[in-house]
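Peer 1: Below is the sequence, then the predicted model.
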Amino acid sequence: MTTVADLAAWMDTFAPLRLAEDWDNVGLLLGDPGASVQNVMTCLTVTPESAAEAIDKGANLIVSHHPVWFKPVQRLRSDRADGFLWSLARAGISIYSPHTAFDNTKGGINDFLCETLGLVEVRPLKPGVEHQATKVVVFTPESDREAVLLAAFGAGAGRIGEYVECSYTTEGFGTFLGLEGTNPTFGESGKREMAREQRIEVVCPRSSLAEVLAAIRTAHSYEEPAIDVYPTIVRDEAEGVGRVGRLAEPMTLDAFAKRVRERLPATGLQYVGAPERRVERVAVACGGADDFLGDAARSGADVFLTGEARFHRALEAEAKGIGLIVAGHHATERPAVEMLASRIGKDFPNLTVWASANEHDPLRTP
């Protein structure tokens with residue numbers, strides 16, 4: 001049986017919540033972690049239309065890019081504008097939101113945009129912040145090594161970037177003397193013993209530390225395993241906000257804007273800058289991200305692509321001498337919601353997963 005918690009854990013592996021902005025509201029926002037899941041719907045935003053679709057098609061979980069709440073909720077009633085959330089709760093439908101964690105993660109929305117638009121040599125526009133992790137060291141007899149490693153890996157340890165089941169082992173000798181009442185795996189209580197042991201090292205997210213330690217102790221044959229935990233600081237160079245990359249073949253700003261309109265559902269696209277401007281280096285930040293215009297300029301980008309931009313931000317782009325393409329919030333994020341549905345379906349082939357068919361861009365063009 002697949003549960004809501006299983007999907008939430010998968011999402012946190014794909015788009016770790018630690019990558020979300022401090023102001024954001026991400027994770028499982030509504031529902032029962034232990035509830036069974038057979039049907040999953042992804043969407044950009046939970047609206048009355050997408051909520052009705054989820055209920056009609058029997059969804060158990062909605063993965064909504066945008067959170068349903070940003071602030072504490074004081075009332076949840078059926079006769080209010082957000083009453084559709086009450087309908088979802090009554091139907092037992094859970095809601096998970098990855099939002100800016102999905103924007104920022106490797107393989108997330110911004111990377112998807114870069115791939116769609118043909119950018120190469122892509123890196124974060126703003127490098128990710130350092131975050132705390134742990135290194136777990138456990139001493140085992142050789143006979144326990146594989147069982148302990150499998151237990152630690154299964155609980156979330158051993159991931160370094162895109163590599164999993166990472167560990168390091170050295171050999172040595174350990175001594176111990178069991179006091180009265182102990183039952184050592186090797187030797188006798190009351191007598192100092194020496195045993196050949198292996199020192200196993202694995203990294204582990206702080207959020208998984210308790211589970212990893214419990215799993216190691218369960219798999220270990222010693223009554224009292226020797227375990228050390230060291231704090232570490234980690235920063236993945238592939239993580240960060242926005243992206244900047246290069247077009248394999250330079251083109252004019254007008255030609256690149258047309259490429260964006262053709263490859264994204266960007267019917268209301270606008271841009272700032274001379275049409276004949278040469279474009280090679282491109283900065284990208286999905287959604288309402290015009291605040292990153294300065295970062296784009298400092299990165300040496302010829303143009304900055306985002307979903308929304310204020311009028312004065314357009315004037316700022318002109319003043320800074322950087323092109324600006326405003327493709328639409330929906331256009332820059334909705335295609336990746338469809339990609340996410342495919343990715344979930346691939347990793348959970350026993351589930352029915354789809355991207356909302358009723359969702360639409362509320363902004364229309366004549």
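Peer 2: Nice, I can see it.

Peer 1: Tell me where the stretch 151-300 of the chain has strands.
Peer 2: 168-177, 192-205, 227-234, 240-252, 270-272, 278-285 (DSSP state E, counting those that start in this stretch).

Peer 1: deepest of those strands, which one?
Peer 2: Neighbour counts (mean count of other CB atoms under 10 Å) averaged over each of the strands of the stretch 151-300 of the chain peak at strand 278-285, with a mean of 23. Where you see a C-beta, it was placed from the backbone N, CA and C, and this is true even at glycine.

Peer 1: Where does the prediction get shaky in the chain?
Peer 2: Filtered on pLDDT under 70, the chain yields the residue ranges 129-131, 234-238.

Peer 1: and the lengthiest helix in it, which residues are buried?
Peer 2: Counting by DSSP state H, the longest helix found in the chain is helix 329-347. Across helix 329-347, burial judged by 16 or more other CB atoms under 10 Å covers 329-341, 343-345.

Peer 1: Quickly run through the sheet partners of the following helix or strand past it, with directions.
Peer 2: For helix 329-347, the following helix or strand on the C-terminal side (DSSP states H and E) is strand 352-355. Sheet pairing for strand 352-355, assigned by DSSP bridges, gives strand 39-43 (parallel).

Peer 1: So what touches the longest helix of the chain?
Peer 2: Contact with helix 329-347 is made by 7, 10, 14, 40-44, 63, 65, 102, 108-109, 112-113, 116, 264-267, 269, 286-288, 305-308, 351-356, 359-363, as judged by CB atoms under 8 Å, 6 or more residues apart in numbering.

Peer 1: Just want the angle from that helix to strand 39-43.
Peer 2: Angle, helix 329-347 to strand 39-43, by axes from the mean of the first three to the mean of the last three CA atoms, to 10 degrees: 160 degrees.

Peer 1: hey, C-alpha coordinates of helix 329-347 in PDB?
Peer 2: The C-alpha coordinates for helix 329-347 follow below in PDB (Å, rounded to 0.1, in the frame of the first residue of the first chain):
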ATOM      1  CA  HIS A 329       3.400  33.100 -14.400                       C
ATOM      2  CA  HIS A 330       1.300  30.200 -15.700                       C
ATOM      3  CA  ALA A 331       3.400  29.700 -18.800                       C
ATOM      4  CA  THR A 332       6.700  29.400 -16.900                       C
ATOM      5  CA  GLU A 333       5.400  27.000 -14.300                       C
ATOM      6  CA  ARG A 334       2.500  24.900 -15.600                       C
ATOM      7  CA  PRO A 335       4.500  22.700 -18.100                       C
ATOM      8  CA  ALA A 336       6.700  21.500 -15.200                       C
ATOM      9  CA  VAL A 337       3.600  20.500 -13.300                       C
ATOM     10  CA  GLU A 338       2.800  18.100 -16.200                       C
ATOM     11  CA  MET A 339       6.400  16.900 -16.000                       C
ATOM     12  CA  LEU A 340       6.000  16.200 -12.300                       C
ATOM     13  CA  ALA A 341       2.900  14.100 -12.900                       C
ATOM     14  CA  SER A 342       4.900  12.000 -15.400                       C
ATOM     15  CA  ARG A 343       7.800  11.600 -12.900                       C
ATOM     16  CA  ILE A 344       5.600  10.500 -10.000                       C
ATOM     17  CA  GLY A 345       3.800   8.100 -12.300                       C
ATOM     18  CA  LYS A 346       7.100   6.600 -13.400                       C
ATOM     19  CA  ASP A 347       8.300   6.100  -9.800                       C
END
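
Peer 1: For T232, see how far away the closest residue to F14 other than its chain neighbours is.
Peer 2: Of all residues beyond its chain neighbours, the one nearest F14 is T105 (6.7 Å), with distances taken as CB to CB, 6 or more residues apart in numbering. When distance is defined by CB to CB, to the nearest Å, T105 is 20 Å away from T232.

Peer 1: and what of V137?
Peer 2: Distance from V137 to T232, by CB to CB: 12 Å.

Peer 1: One more: A133?
Peer 2: Taking CB to CB, one finds A133 at 5 Å from T232.

Peer 1: hey, what's in contact with both of these two?
Peer 2: Contact criterion CB under 8 Å, 6+ apart; residues shared by A133 and T232: V203.

Peer 1: okay, now the domains of this structure?
Peer 2: Using automatic domain parsing, the domain parsing of the chain gives 4-102+333-355, 109-127+241-327, 131-234.

Peer 1: tell me how far the ends of the second one are from each other?
Peer 2: Chord length of domain 109-127+241-327, first to last residue, is 14 Å (CA to CA, to the nearest Å).

Peer 1: Now do it: distance to the chain's middle.
Peer 2: 23 Å (CA atoms, centre = their mean, to the nearest Å).
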